[in-house]
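Trainee: attaching a predicted model along with its sequence, questions to come.
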Amino acid sequence: MYGSERATVEEAVESVLQRFSDEIDPAEATRIRNLMGEDDRQPPRRGVVRMIHQIYGLYRDGQPMTKVYQESSRRWREAADATGAKYILWGADEVDTLVRRQFSIVWKAYQKSMYPAMRVAYARICILHHYGGLVADLDVDPKQGAKYRMSDLCVCVRTNSPSHSPPECQPEYHQDVLISKRDSGILVLWLEFLISETGSQPSAPHTEAIRMTTGAASLARFINLPSSQKWTTQQSATIQCLSLGAVGAAGHEHVNFISHRAPSPVSRSPAEPAAVGTLCEATLPDRPPTHRLRSKSALISPVARVMSYERMRTNYEQMRTNMLDELKFTGELCKAIFESREAVELSDPLRNKIAEVLLDEGLIADRSEF
């Protein structure tokens, strides 16, 4: 309402205090600032990842999670607990239900994907668009103590150098970890792009087909599309990169995530396509609430009163303007009717209203004259 969003409650309140400094008593402003300093229960900064997602079981082959996958899941759960985020491990039924319910346009392409790994690519984007947060492969670990922040879209590059953004990073983008805010428009463009990519699946070995349609090569093409670059320019958004280092490689102090390079299920020979979306109707997790500034009522109430006063004053001025315009129009109509002396069919409410205006204007002395 009063400019761009602020990152914290403190910044937002300080902005309001300064904007309405003429209307807020200095002692009250000081009290509010002191309350902000006393509040030990500060809400998380806006933009911090609040949901962490991982996916397992889309192959529907009944294979248990490997040790690497189990350890990755455990570490991401710990990272979620440490940062106040919610951890969700998605299964095949949950993903199928989400895509069918919320992404009907994607559902057909998702069902007809030649390989399960292609469905995983759809699942990542659909989860991020509906819930927001971070989605990580099960062979990737978080860096200990790291805190990840939201963006319109954040992808990975395999490197041991500090994180950086295109065009500085290498063109080999990866989806081992993706971060995005909920309902990000760039994800819609990406889904549309994937539908077109998987609709013309190449007759290549399945690993190369996956790489070209939903993998690293496809992601690089999408990021460099004119439509993607136009969207980021129009929205003042950025596609960011975070670095992904392999276990045992040098320079771990600079990377954002650590990859175990576990044997990828993509490298397995493709099995008979499993049924998609027919096994059960799963219960989906709740979406996170829309962000609101939270703090003590004593802190917010004076600011809320000022904002409420501003809204009431604006509404009153608008209502007053509308009433004056209506009265002016009605007065002109009344004068025209009175002066023309022509017979006009009027409803009783309108007749009474016109009579009142004519009386006020002194054009008639009594209602019976009209």
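Mentor: Right, received. Where do you want to start?

Trainee: which residue ranges form the strands in the protein?
Mentor: 51-55, 86-90, 133-136, 140-142, 153-158, 173-180, 239-246, 257-259 (DSSP state E).

Trainee: what would these look like in CSV with mean neighbour count and mean pLDDT?
Mentor: (Glycine included, C-beta is placed from N, CA and C.) Output for those, formatted as CSV (neighbours: other CB atoms under 10 Å; pLDDT from 0 to 100):
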stretch, mean neighbour count, mean pLDDT
strand 51-55, 21, 96
strand 86-90, 18, 96
strand 133-136, 25, 96
strand 140-142, 21, 92
strand 153-158, 23, 86
strand 173-180, 22, 92
strand 239-246, 20, 81
strand 257-259, 21, 83
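
Trainee: need these in CSV (columns: distance to Leu98).
Mentor: What follows is the strands of the chain, written out as CSV (distance: least, CB to CB, whole Å):
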stretch, distance to Leu98
strand 51-55, 11
strand 86-90, 8
strand 133-136, 12
strand 140-142, 22
strand 153-158, 19
strand 173-180, 15
strand 239-246, 24
strand 257-259, 24
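
Trainee: what's the closest of these to Thr321?
Mentor: Comparison of these against Thr321 by CB to CB identifies strand 173-180 as nearest, at 43.5 Å.

Trainee: do a quick rundown of the helices in the protein.
Mentor: For the chain, helices defined by DSSP state H occupy the ranges 9-19, 26-38, 67-83, 92-102, 104-111, 116-131, 185-199, 206-213, 216-223, 226-234, 297-340, 348-361.

Trainee: what's the least confident stretch among the ones you listed?
Mentor: Looking over the helices of the chain, mean pLDDT reaches its minimum on helix 297-340, with a mean of 59.

Trainee: phi first, then psi, for the residue lying closest to Leu194 once chain neighbours are set aside.
Mentor: Using CB to CB, 6 or more residues apart in numbering and skipping residues adjacent in sequence, the residue nearest Leu194 is Thr214, 6.0 Å away. Note on Thr214: backbone dihedrals following degrees, to the nearest 10 are phi -130, psi 0.

Trainee: quick one: residues contacting Thr214.
Mentor: Contacts for Thr214 (CB atoms under 8 Å, 6 or more residues apart in numbering) come out as Ala117, Met118, Val120, Ala121, Tyr122, Leu194, Glu197, Thr198.
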